[in-house]
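1. Got a sequence here, can you model it:
(chains A and B)
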Amino acid sequence: KAGVTQTPRYLIKTRGQQVTLSCSPISGHRSVSWYQQTPGQGLQFLFEYFSETQRNKGNFPGRFSGRQFSNSRSEMNVSTLELGDSALYLCASSPGLAGGPGRGETQYFGPGTRLLVL
Amino acid sequence: AQSVAQPEDQVNVAEGNPLTVKCTYSVSGNPYLFWYVQYPNRGLQFLLKYITGDNLVKGSYGFEAEFNKSQTSFHLKKPSALVSDSALYFCAVIPQGSNYQLIWGAGTKLIIKP
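-> Alright, predicted model coming up:
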């Protein structure tokens, strides 16, 4: 099976702009989670989507939003970019039917999108 | 508060020697435990997980981890390190049956010297 794919791999934006990142999960996986990774804060959970519904949400401002399509592909949007949004954004997929990692499911990660905000 | 600690920011090991990357946790109830590895400019790759059963879990690339309930630890081990094992290793934990997301450690940089 093909792995999790993320596009684009690299992005450079300026403050105030908005950005949309895309994630295609492993075929058959219905859960998609998004993480932000920075050297200072480590891995931080943004949100999880399952069957086109947000099932779980981390502690990020409303500028960070996402959605999931009927084919399980997911997009993440960040509006009004700030310098602090520079990070590696990781997408992870899992089957989702069992309820996520709390039921023992393994998440499989994509290569990430590296966002630089100038 | 629920947490995961990886007490060493960096571990240096000579090639061919055994390696250990430490992880301790604090969660309410029984945990599920995971190890992931991240190579430069790559996403995280799943190594192994403890769900239930045998406390010694074997995973990818010759890695294994031992769940120790009394010490609330889940240390990652490999009998003989390879230079290619050099990477960033993350431990993650979640209370069994919870609807929370994974609680991640800060990561340990493993450097294997030839």
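2. Could you report the neighbour count for residue B:84?
-> Taking other Cβ atoms under 10 Å in any protein chain shown as the neighbour definition, residue B:84 ends up with a count of 10. Glycine gets a C-beta too; all of them are placed from N, C-alpha and C.
3. Repeat that for residue B:41.
-> Counted with other Cβ under 10 Å, residues neighbouring residue B:41 total 11.
4. With the one 3 residues further on instead?
-> The number of residues packed near residue B:44 is 28, by other Cβ under 10 Å.
5. ditto for residue A:111
-> The burial count for residue A:111: 19, using other Cβ under 10 Å.
6. Hmm, residue A:85 is touching residue A:77, no?
-> No: taking Cβ atoms under 8 Å as the definition, residue A:85 is not a contact partner of residue A:77, at 11.6 Å.
7. Ignoring the adjacent residues along the chain, who's closest to residue B:85?
-> Sequence neighbours aside, residue B:112 is the residue nearest to residue B:85 in space, at 5.2 Å (criterion: Cβ to Cβ, 6 or more residues apart in numbering or on different chains).
8. how about the residues of chain B near chain A?
-> B:32, B:34, B:36, B:41-46, B:49, B:51, B:90, B:92, B:94-102, B:104-107 (Cβ under 8 Å from any Cβ of the partner chain).
9. and the residue nearest in space to the middle of chain A, what element?
-> To find the centre residue of chain A, average its C-alpha atoms and take the closest one (Cα atoms, centre = their mean): that gives residue A:34, at 2.6 Å. Element membership for residue A:34, per DSSP states H and E: strand A:31-38.
10. where along chain A do the strands fall?
-> The residue ranges that make up the strands of chain A, judged by DSSP state E, are A:5-7, A:10-13, A:19-24, A:31-38, A:42-50, A:53-57, A:64-68, A:74-78, A:87-94, A:108-109, A:113-117.
11. still on that earlier bit, mind giving me the ChimeraX select for the residues of chain B next to chain A, buried ones only?
-> Only the buried entries of the residues of chain B next to chain A go into this ChimeraX selection, using 16 or more other Cβ atoms under 10 Å in any protein chain shown:
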select /B:32,34,36,43,44,45,46,49,51,90,92,94,95,98,101,102,104,105,107
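12. ok, now how distant is the residue nearest to the centre of chain A from chain B?
-> Summarising the geometry, the distance separating residue A:34 from chain B, computed by Cβ to the nearest Cβ, to the nearest Å, is 11 Å.
13. re the thing from before, quick one: list the elements packing against the strand holding residue A:34.
-> For strand A:31-38, the packing partners by 3 or more Cβ pairs under 8 Å, 6 or more residues apart in numbering or on different chains; DSSP states H and E come out as strand A:42-50, strand A:74-78, strand A:87-94.
14. Tell me the bridge partners for the nearest residue to residue B:101 once chain neighbours are set aside.
-> Of all residues not flanking residue B:101 in the chain, residue A:45 sits nearest, at 4.5 Å (Cβ to Cβ, 6+ apart). Legend: beta-bridge partners of residue A:45 under DSSP bridges are residue A:35.
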